[in-house]
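J.: Curious how this folds, go ahead:
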Amino acid sequence: MTTAVETAPAAPAGPPPATRGTRLPVRRVLLAVAAPLAAAVVSLVISSLVLLASGSDPVEVYRTMLDSGTETRSLLITVNNAVPLYLAGVAVAIGFRAALFNIGVEGQYQLAALLAAAAGAAVHLPPVLHVGLVLLVAMSVGAAWAGVAGALKVTRGGSEVISTIMLNVIAAGVAAYLLAEHLQARVAGSNNSATPPLPTSAHFPSLDPLLRALGVEVPRGTSLGGFVLVAIAVGIAYWVFITRSRFGFELRATGLNPAAAVATGVDVKRTVFLTMLVSGGLAGLVGMPQLLGTAYSYGLGFTAGLGLTGIGVALLGRNSPVGIALAALLFAFLERSSSSLQFIDVPRQIYVIMQGSIVLSVVVAYEAVRRIGVAQAERAVRTATDRPAA
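T.: Below you'll find the model as predicted:
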């Protein structure tokens, strides 16, 4: 008796399985590399055109900035200036992860620095406890001020963008009033308005002894602030919080799709409010490197604008702790190295144009790459669905 033998259908035409399996990762790598490279080229072209329009030689400007910015003194100052930018960037990035735009970092850290300086000057504690108290007050004030915008959003549906912008203005007024009427240290013969100086026990130590132990010669009049370690700890905690905690998952789910987050049991309103508290708490740390490391009091000359710059840092760093660190270092390097441009008769404010062109180029480049990736994914899906089944 004969038995019919079925013949297996021929495999569909196409590349071998190994080739198909490796094509997608390679394509993703190329897209990931294309965005920053395109952004760098575009920002370099824009900055060069601006320099040419102002009558300056772009090559000479870039060489001057590079030579000045790579000196030991400049590198230490760059790292010190990058620390508050990094903290501001992380504070903004936490809100971005939940689709929240916390523009109020500026007012949050200014008000936090004022009240933390006043609280630190009013007590005498052992060094570790004294520094801890100042940091706790700063984070609490920043969280409370950001919580106002969070409460308005979850209870009244108010936009956090409008709320935080208005709270920035209110914070500036409140800080000016408190400093002028209640927290100012009266010094005979001086017009300086500032809080009383912090005791020595509230000073944050520098890392100069560590650098000398490693054989690095610290130039006179320059030091590496110890708050670099706090920034590193914040970056690690941010990564763990976002990627390894339940609340981090709820936060990201809320940012990606609130309706789907509700379907999975996430309390979206609670998550939004707590996210604003965490973002504001980190914003309260932005002024601490200056308060505890160099100024030791809050006055009219306290650095402003860090909160707004932090938005650009977060955008450039793509909300990644490592990316934000690189963006903060880049912005700080441009600001520091631009001080050498006065020697070649170029306005140092050119670095602001460079920062703006970098942020704009990065946003446009990543959006273009994202759309290319979506288009390729859609074509791959159509190809797979149109292919006849084996």
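
J.: Where does the residue positioned nearest the centre of the chain fall, secondary structure wise?
T.: What sits nearest the mean C-alpha location of the chain, by CA atoms, centre = their mean, is residue 89, with 1.4 Å. For residue 89, the enclosing helix or strand under DSSP states H and E is helix 72-97.

J.: And that helix, what does it pack against?
T.: Secondary-structure packing of helix 72-97 (3 or more CB pairs under 8 Å, 6 or more residues apart in numbering; DSSP states H and E): helix 58-69, helix 105-121, helix 227-244, helix 246-256, helix 268-283, helix 288-290, helix 306-316, helix 321-337. Yep, even glycine has a C-beta here, placed from its N, CA and C like the rest.

J.: right, so of the ones you listed, which gets closest to residue 79?
T.: helix 227-244 (6.3 Å; CB to CB).

J.: how distant is the closest one from the center of its chain?
T.: In terms of CA atoms, centre = their mean, to the nearest Å, the gap separating the centre of helix 227-244 from the centre of its chain is 12 Å.

J.: so where's the stretch 1-150 of the chain shaky on pLDDT?
T.: Applying pLDDT under 70 to the stretch 1-150 of the chain picks out residues 1-33.

J.: rerun at 90
T.: Using pLDDT under 90 as the threshold, the predicted model of the stretch 1-150 of the chain has low-confidence ranges 1-47, 50-51, 53-56.

J.: who touches stretch 34-47?
T.: 58, 350, 353-354, 357-358, 360-362, 364-366, 368-369 (CB atoms under 8 Å, 6 or more residues apart in numbering).

J.: Inside helices: which ones of these?
T.: Members of the contacts of stretch 34-47 lying in helices (criterion: DSSP state H): 58, 350, 353-354, 357-358, 360-362, 364-366, 368-369.

J.: In ChimeraX, how would I select the buried members of those residues?
T.: Listed next is the ChimeraX selection for buried residues among these, using 16 or more other CB atoms under 10 Å:
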select :350,353,354,357,358,360,361,362,365,366,369
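
J.: Out of the ones in helices among the contacts of stretch 34-47, which two are the most distant from each other?
T.: Going by CB to CB, the two entries of those that are most distant from one another are 350 and 369, at 28.0 Å.

J.: average pLDDT for stretch 166-178?
T.: Confidence over stretch 166-178, taken as the mean pLDDT, stands at 96.

J.: residue contacts, the residue lying closest to residue 113 once chain neighbours are set aside?
T.: Counting by CB to CB, 6 or more residues apart in numbering, residue 287 is the residue found nearest to residue 113 once chain neighbours are left out, at 3.4 Å. Under the criterion of CB under 8 Å, 6+ apart, the contact list for residue 287 reads 84, 109-110, 112-113, 116, 138, 298, 302-303, 306.

J.: The strand or helix carrying residue 381 packs against which elements?
T.: Element membership for residue 381 (DSSP H and E) is helix 350-386. Contacts defined by 3+ CB pairs under 8 Å, 6+ apart place helix 350-386 against helix 17-53, helix 306-316, helix 321-337.

J.: With respect to residue 244, which of these lies nearest?
T.: With CB to CB, the closest approach to residue 244 among the helices and strands packed on helix 350-386 belongs to helix 321-337: 12.7 Å.

J.: ok and the closest one relative to helix 350-386, angle-wise?
T.: Between the axis of helix 321-337 and that of helix 350-386 there is an angle of 150 degrees, by axes from the mean of the first three to the mean of the last three CA atoms, to 10 degrees.

J.: Keeping just the C-alphas, turn helix 321-337 into PDB.
T.: Coordinates of the C-alpha atoms in helix 321-337 are reproduced here as PDB (Å, rounded to 0.1, in the frame of the first residue of the first chain):
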ATOM      1  CA  PRO A 321      20.900  60.900  34.100                       C
ATOM      2  CA  VAL A 322      24.100  60.500  32.000                       C
ATOM      3  CA  GLY A 323      22.700  62.600  29.200                       C
ATOM      4  CA  ILE A 324      21.800  65.400  31.600                       C
ATOM      5  CA  ALA A 325      25.200  65.300  33.100                       C
ATOM      6  CA  LEU A 326      26.900  65.700  29.700                       C
ATOM      7  CA  ALA A 327      24.500  68.500  28.800                       C
ATOM      8  CA  ALA A 328      25.200  70.300  32.100                       C
ATOM      9  CA  LEU A 329      29.000  70.000  31.500                       C
ATOM     10  CA  LEU A 330      28.600  71.300  27.900                       C
ATOM     11  CA  PHE A 331      26.600  74.300  29.000                       C
ATOM     12  CA  ALA A 332      29.000  75.100  31.800                       C
ATOM     13  CA  PHE A 333      32.000  74.700  29.500                       C
ATOM     14  CA  LEU A 334      30.500  77.100  27.000                       C
ATOM     15  CA  GLU A 335      29.900  79.700  29.700                       C
ATOM     16  CA  ARG A 336      33.300  79.400  31.200                       C
ATOM     17  CA  SER A 337      35.300  79.300  28.000                       C
END
